[in-house]
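Engineer: curious how this folds, go ahead:
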Amino acid sequence: MRILGVDEAGRGAVLGPLVVAGVLLDSSNVSKLAEIGVKDSKKLSPSRREELSAEILEVAEYVVVLQAPSQTLDCEMSLYSLNVLEAKLFAMIIDALKPDSVIVDSPDENVERFASYIHQFSLCKPSITAETKADEKYLPVSAASIIAKVARDKIIQRLSARYGEVGSGYSSDPVTRSFLRRWIEENRDLPPIARRKWKTSQDMLASVRQGRLEFSDH
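Structural biologist: Sure, this is the predicted structure:
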């Protein structure tokens with residue numbers, strides 16, 4: 001049986017893309033993920049995630065990574081909620097890999113609803129297990145979380161090389177807030193890598209244009 005784990009990185013960020021990863025394994029190889037030390041990416045150091053991402057590629061049958069840049073997120077969210085957009089990306093990975101069963105990390109507490117979104121977009125109809133915090137419970141999803149996180153970190157590094165240090169891209173990061181403030185003060189607009197529909201972006205833009213520096217972190 002071929003099992004697919006799917007997870008994302010960067011869902012709540014104000015800068016940079018949403019990255020979705022899928023890791024397809026033969027069920028007989030799932031135990032190998034435990035052997036190499038796979039766990040939820042949030043519990044691993046950046047260097048350990050890097051090491052494990054290379055080892056996951058050796059264990060997995062296939063690995064797929066998709067990214068939705070800021071502009072794509074803004075455009076798609078004119079049509080869909082973020083949960084529905086994420087389900088759409090998950091479905092694209094499912095259709096590309098055609099697994100027998102899928103385990104996904106659900107951003108929606110109503111996991112049945114999130115699974116139904118995926119089924120709506122997917123042409124392939126495998127069994128889907130959707131759970132919150134699945135990256136802590138299921139090794140294939142943990143592996144996908146590592147792949148997604150490493151891929152997004154590399155993208156953020158490239159964005160920093162191009163635009164100046166942007167931090168992690170999350171509004172809770174002082175480096176990210178400083179980058180946004182400085183860019184808007186200099187350009188009177190958001191940077192092209194910002195998600196314009198995010199409340200943080202809207203608050204920061206309004207604050208700077210009105211001569212205020214404070215803004216919401218939500």
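
Engineer: per-domain residue ranges of this protein.
Structural biologist: 2-159, 165-209 (automatic domain parsing).

Engineer: winner for burial among the ones you listed?
Structural biologist: domain 2-159 (a mean of 19; mean count of other Cβ atoms under 10 Å). All C-beta atoms are positioned from the backbone trio N, CA, C, and that covers glycine.

Engineer: could you dump the domains of the chain into CSV and include mean pLDDT?
Structural biologist: Formatted as CSV, the domains of the chain follow (pLDDT from 0 to 100):
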stretch, mean pLDDT
domain 2-159, 96
domain 165-209, 92
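
Engineer: contacting residues for F179?
Structural biologist: L15, Y163, G164, E165, V166, G167, P191 (Cβ atoms under 8 Å, 6 or more residues apart in numbering).

Engineer: okay, the residues you listed in CSV with distance to R209 next?
Structural biologist: Shown next, in CSV, are the contacts of F179 (distance: Cβ to Cβ, whole Å):
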residue, distance to R209
L15, 19
Y163, 20
G164, 21
E165, 24
V166, 21
G167, 22
P191, 15
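
Engineer: wait, S101 sits on P126?
Structural biologist: Yes: between S101 and P126 there is a contact under Cβ atoms under 8 Å: 5.5 Å.

Engineer: hey, C-alpha coordinates of the helix or strand where V102 lies in PDB?
Structural biologist: Per DSSP states H and E: V102 is located in strand 101-105. What follows is strand 101-105 as a C-alpha-only set of coordinates in PDB (Å, rounded to 0.1, in the frame of the first residue of the first chain):
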ATOM      1  CA  SER A 101      -4.400   6.300   1.300                       C
ATOM      2  CA  VAL A 102      -3.600   9.900   2.400                       C
ATOM      3  CA  ILE A 103      -3.000  11.400   5.800                       C
ATOM      4  CA  VAL A 104      -3.100  15.200   6.000                       C
ATOM      5  CA  ASP A 105      -2.600  17.800   8.700                       C
END
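
Engineer: hmm, who's touching that strand?
Structural biologist: 1-8, 90, 94, 114-115, 118, 126-135, 138, 140-141, 144-145.

Engineer: so which of those belong to helices?
Structural biologist: F90, I94, F114, A115, I118, A134, D135, P140, V141, A144, S145 (DSSP state H).

Engineer: tabulate those (CSV), appending distance to V63.
Structural biologist: Shown next, in CSV, are those (distance: Cβ to Cβ, whole Å):
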residue, distance to V63
F90, 15
I94, 14
F114, 22
A115, 22
I118, 19
A134, 17
D135, 16
P140, 11
V141, 13
A144, 8
S145, 12
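
Engineer: identify the farthest-apart pair in those.
Structural biologist: A115 and S145 (18.3 Å; Cβ to Cβ).

Engineer: isn't A87 up against Y117?
Structural biologist: Yes: using Cβ under 8 Å, A87 and Y117 qualify as a contacting pair, with a distance of 3.5 Å.
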